[in-house]
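Participant: Okay, predicted coordinates and the sequence, questions at the end:
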Amino acid sequence: MSEKIQEGAVTTVGDEGLPEELARADLYGLIARLFHQPPDQELLNQIAASIPDGEESRAEDAPLAKVWHSVVEAAKNNPAKAWHDEFDLNFISVGRPNIILNGSFYMAGHLNEKPLVEIRRSLDTFGLESAEEVTETEDHISALCEVMRYLIAGDDVEISNLTNQRVFFNSHIRPWYDELCDSIENIPEMHLYHPVAALAREFLAIEGQSFDML
């Protein structure tokens with residue numbers, strides 16, 4: 001029986017007390033959630049609470065910690081409606097949105113191209129398929145991050161293992177995530193999603209470096 005992958009299914013924020021692999025899965029889930037739909041106030045409160053009051057200005061040397069601080073500040077200082085408005089303005093459109101979140105566009109120049117076919121082939125190999133309520137194609141950044149979350153935290157070690165993580169990441173995320181983040185950062189008005197893009201870029205860069213060491 002195929003597993004169902006639902007975009008934005010994870011809304012928890014990584015905890016330093018969790019094992020490293022679960023923290024990775026949580027961060028993939030959070031990135032998936034933020035690019036699937038705008039955060040509600042409950043999620044913003046969760047993010048804001050990840051750094052206790054009084055510790056916001058503490059110096060952090062690690063680049064990932066620095067960008068996480070920026071996401072926390074954005075969550076603390078902007079209500080859910082502001083996030084919703086920015087999301088709708090830039091990611092949702094009856095025509096072409098300001099930002100396209102599908103890998104085929106960046107890798108092939110058009111939507112629904114060969115990269116999407118290759119992703120579907122990979123998902124079929126893993127026994128995965130999109131949940132019925134998912135409307136985005138499988139090359140959407142949220143869907144891809146959900147697959148990575150599953151390949152990290154799933155129970156079937158024949159599927160959820162480092163080898164499959166590395167192959168899937170290198171084939172379907174690594175070639176284009178930088179360009180996506182560039183597109184977001186090149187729109188000055190997207191001040192809320194700038195730190196989200198920086199978080200995604202830094203985390204995915206770390207992932208790529210780690211896979212290179214295997």
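Facilitator: Received the coordinates, thanks.
Participant: can you give me the helices in this protein?
Facilitator: Assigned by DSSP state H, the helices in the chain fall at 20-36, 41-49, 63-77, 80-91, 103-108, 114-126, 141-153, 162-172, 177-185, 193-212.
Participant: tell me which strands and helices the shortest one is in contact with?
Facilitator: It refers to helix 103-108. helix 114-126 (3 or more C-beta pairs under 8 Å, 6 or more residues apart in numbering; DSSP states H and E). Quick note: C-beta positions are derived from backbone N, CA and C, even for glycine.
Participant: pLDDT weak spots in the protein?
Facilitator: Scanning the chain for pLDDT under 70 picks out the ranges 1-18, 53-60, 132-134.
Participant: Spatially central residue for it, please.
Facilitator: For the chain, the residue sitting closest to the mean C-alpha position, by C-alpha atoms, centre = their mean, is I31 at 2.8 Å.
Participant: contacting residues for that one?
Facilitator: Counting by C-beta atoms under 8 Å, 6 or more residues apart in numbering, I31 makes contact with 141-142, 145, 196, 199-200, 203.
Participant: same thing but 6 Å
Facilitator: When contacts are counted by C-beta atoms under 6 Å, 6 or more residues apart in numbering, I31 touches 145, 200.
Participant: ok so, going back, with respect to burial, which of the helices of the chain scores highest?
Facilitator: helix 141-153 (a mean of 25; mean count of other C-beta atoms under 10 Å).
Participant: Taking helix 193-212 as reference, get the angle to that one.
Facilitator: Per axes from the mean of the first three to the mean of the last three C-alpha atoms, to 10 degrees, the angle that helix 141-153 makes with helix 193-212 is 40 degrees.
Participant: what would the helices of the chain look like in JSON lines with distance to T135?
Facilitator: Formatted as JSON lines, the helices of the chain follow (distance: least, C-beta to C-beta, whole Å):
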{"stretch": "helix 20-36", "distance to T135": "10"}
{"stretch": "helix 41-49", "distance to T135": "20"}
{"stretch": "helix 63-77", "distance to T135": "26"}
{"stretch": "helix 80-91", "distance to T135": "13"}
{"stretch": "helix 103-108", "distance to T135": "16"}
{"stretch": "helix 114-126", "distance to T135": "15"}
{"stretch": "helix 141-153", "distance to T135": "11"}
{"stretch": "helix 162-172", "distance to T135": "19"}
{"stretch": "helix 177-185", "distance to T135": "19"}
{"stretch": "helix 193-212", "distance to T135": "20"}
